[in-house]
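Asker: Next comes the sequence, and after it the predicted model I'd like to discuss.
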Amino acid sequence: MRILVCISQVPDTSTKIVLKNNNTSVNSDGVTWVINPYDEWYALIKAIELKESGIATDVHLVTVGKADVEPVIRKALALGGDEAVRIDADSNDPYETAHYIAEYAAGVGYDLILCGKESIDYNNGTTSAMLAELLGVDYIGSATGIQVEADAAVVTREIEGGEETDICNLPVVISCQKGVAEARIPNMRGIMAARTRPLKVITPSKVRAVTEVISYELPPAKAGIKLVSPDNLDELIELLHTEAKVI
Amino acid sequence: MSVIVLVEHTGGIIKAQSFEAVQYAAQIAEKMGATVTAVALGSVAADAMEGLGQYGAQKVLHVADSRLDELHSRAYAGALIAAAQKEDSKVIITLHDLKGRAVAPRVAVKLQAGLVAGALSYPDTEKGFVIKKAVFSGKAFAYVNILSEVKVIMLMPNTFPVKKLEGKAIVEQLDVSFNEKDFGVKVKSVNKVTGEVPLADAELVVSGGRGLNGPENWGILEDLAKELGAATACSRPVADSHWRPHHEHVGQTGGTVRPNLYIAVGISGAIQHLAGVNGSKTIVVINKDPEAPFFKAANYGVVGDALEILPRLTAAVKKFKEHHQ
């Protein structure tokens, strides 16, 4: 069984966002780039677990980006994965990104495609379902647990107010979140091995983006806090009722 | 021409945020000189669908196939596309929620449409079709222009207040031919947590951090939540320590909440946590450390020990409710 894990590079969660060029772009100076946490902690680790337990034969990683994303894909390889593919394109549009991954994935043929629930930069959470549509396969989103049995996946996923367990034949695209796997830290052996694992670069057939970001904006600062004495909590409730009008 | 909007329901009861989506569609349609056609899938009563007229829908296309009572992303997308074709629609709207995320991307790909996920504004048509959305988990906003002829918008729930007006929508049946493949995902079991307020939709949230010292102290936080009718949430260290279930974790790598009131108890307010909650309209922070960064992001603050303050706050809420009944 072949697994493809989709990896995205994002700014580290502690990054403070600074804008530049008249708010038309995000300043990347001093930004530490990491593997999108949902891709790393859940999708990638689950794929590695499936390989370790002998269910998966191959785990491939794919990312869409220019050469500057290679350190992050190497970091992913240090956790596990047999080989990685970088699709050489600079895409900020999920439609465009999904087309590039679909073109590559259709050419190889994967039984299971794992993605993070969303990337923590653009918070769309749409690329995975687009990929399923382009490949003409089933899709299960926001998974909290995955088991693979023969040629089917048994997937627990979040629903409103609870969880649901689904069963679905392979191939399937699944987006992963907390619960699917436990995060790991790469060890020295993995880091050394990652250096020699293949990282292929492929040029995709150009797809035109259907969205573009025109500008960015930072949230307005809070007007300032009102402190209430711990001995007068009635006042807090009164403020929430009459001033904030939330209770 | 009409604007298409997907209406979600559970067991025939239409989701409250779907009213918001219909009203959002109506505002857009009015500007375009178009009408609103809602799409309802599965077993929904006629009067519930007619009632969508109160939020601005002229018509409801109903695909009555009971298999659609469960989410089947392919079939849902197929039904929306059939509706869009019938109505000659150029704008298709869903919510940015679990179902929307499974369905809208499929529709967008099929119709070669640009998609904005988590829309926070009406489209600005002065310079194209520009919609505001949160990025970097709420640390910034982006203005996204859709370049394609057909547009798909996933509205962030709880963005606009909903106003009920007069009106009654016309309900028409829509026949869509599905095949076996559209129902490839089978539901084995459903495990719903009853009696709790679902976090993502909650208007009031009480959230706890390490300042509660341990899972044994969670009862007093739940008491406050119960008294307020609020959902409970927690910070990442709390979920990682298994004090609370994972689905309660809010923050950049957990859930995002946008309630009217977020009460953070014993949470320091790391940048990752703030990212998941800064869409909240009002934030109250209770922390014994006056230097906790969360105070900078809050509207109201109480400096003090969570374990002492929580029971007193619950009592204050109780007293308030008695006076306002």
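Answerer: That came through, no problem.

Asker: what ranges do the helices span in the chain?
Answerer: No chain was given, so I picked chain A. Secondary structure of chain A by DSSP state H: the helices cover A:37, A:45-52, A:70-79, A:94-108, A:127-135, A:188-196, A:233-242.

Asker: not what I meant, chain B
Answerer: Ranges of helices within chain B are B:16-32, B:46-50, B:73-87, B:98-110, B:218-228, B:236-240, B:271-277, B:306-323, based on DSSP H.

Asker: Could I get the helices of chain A in JSON lines, plus columns for mean pLDDT?
Answerer: As requested, these are exported to JSON lines (pLDDT from 0 to 100):
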{"stretch": "helix A:37", "mean pLDDT": "95"}
{"stretch": "helix A:45-52", "mean pLDDT": "97"}
{"stretch": "helix A:70-79", "mean pLDDT": "96"}
{"stretch": "helix A:94-108", "mean pLDDT": "98"}
{"stretch": "helix A:127-135", "mean pLDDT": "98"}
{"stretch": "helix A:188-196", "mean pLDDT": "90"}
{"stretch": "helix A:233-242", "mean pLDDT": "96"}
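
Asker: Let me know which of these is tucked in deepest.
Answerer: Most buried of the helices of chain A by mean neighbour count (mean count of other C-beta atoms under 10 Å in any protein chain shown) is helix A:127-135; its value is a mean of 26. To be clear about C-beta, it is placed using only N, CA and C from the backbone, and glycine gets the same treatment.

Asker: contacting residues around the nearest residue to B:Pro237 once chain neighbours are set aside?
Answerer: Nearest-residue entry for B:Pro237: B:Arg210, 5.3 Å, with adjacent residues in sequence omitted and distances by C-beta to C-beta, 6 or more residues apart in numbering or on different chains. Counting by C-beta atoms under 8 Å, 6 or more residues apart in numbering or on different chains, B:Arg210 touches B:235, B:237-238, B:266-268.

Asker: Quick one: neighbours of B:Thr70, just the number.
Answerer: To be clear, residue B:70 is Glu; Thr isn't right here. By the measure other C-beta atoms under 10 Å in any protein chain shown, the count of residues near B:Glu70 is 18.

Asker: Where does pLDDT dip in chain A?
Answerer: For chain A, no stretch is flagged by pLDDT under 70.

Asker: helices or strands up against the longest strand along it?
Answerer: For chain A, the strand reaching the highest residue count under DSSP state E is reported as strand A:138-149. Under the contact criterion of 3 or more C-beta pairs under 8 Å, 6 or more residues apart in numbering or on different chains; DSSP states H and E, strand A:138-149 touches helix A:127-135, strand A:152-159, strand A:162-169, strand A:172-176, helix B:73-87, helix B:98-110.

Asker: how about 10 Å then?
Answerer: helix A:45-52, strand A:112-116, helix A:127-135, strand A:152-159, strand A:162-169, strand A:172-176, helix B:73-87, helix B:98-110 (3 or more C-beta pairs under 10 Å, 6 or more residues apart in numbering or on different chains; DSSP states H and E).

Asker: Take those and lay them out in TSV including distance to B:Gly11.
Answerer: Formatted as TSV, those follow (distance: least, C-beta to C-beta, whole Å):
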stretch	distance to B:Gly11
helix A:45-52	32
strand A:112-116	30
helix A:127-135	25
strand A:152-159	13
strand A:162-169	14
strand A:172-176	26
helix B:73-87	17
helix B:98-110	14
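
Asker: Minimum distance to B:Glu30: which of these has it?
Answerer: Closest approach to B:Glu30 among the helices and strands packed on strand A:138-149 (C-beta to C-beta): helix B:73-87, 16.1 Å.

Asker: My guess is A:Arg189 contacts A:Ala78. True?
Answerer: Yes: counting by C-beta atoms under 10 Å, A:Arg189 does reach A:Ala78; the two are 9.2 Å apart.

Asker: Find the residue at the geometric middle of the chain.
Answerer: With no chain named, the answer covers chain A. Centroid-nearest residue in chain A, with C-alpha atoms, centre = their mean: A:Gly116, separated by 3.4 Å.

Asker: Tell me the bridge partners for that residue.
Answerer: A:Gly116 has these beta-bridge partners by DSSP bridges: A:Cys176.
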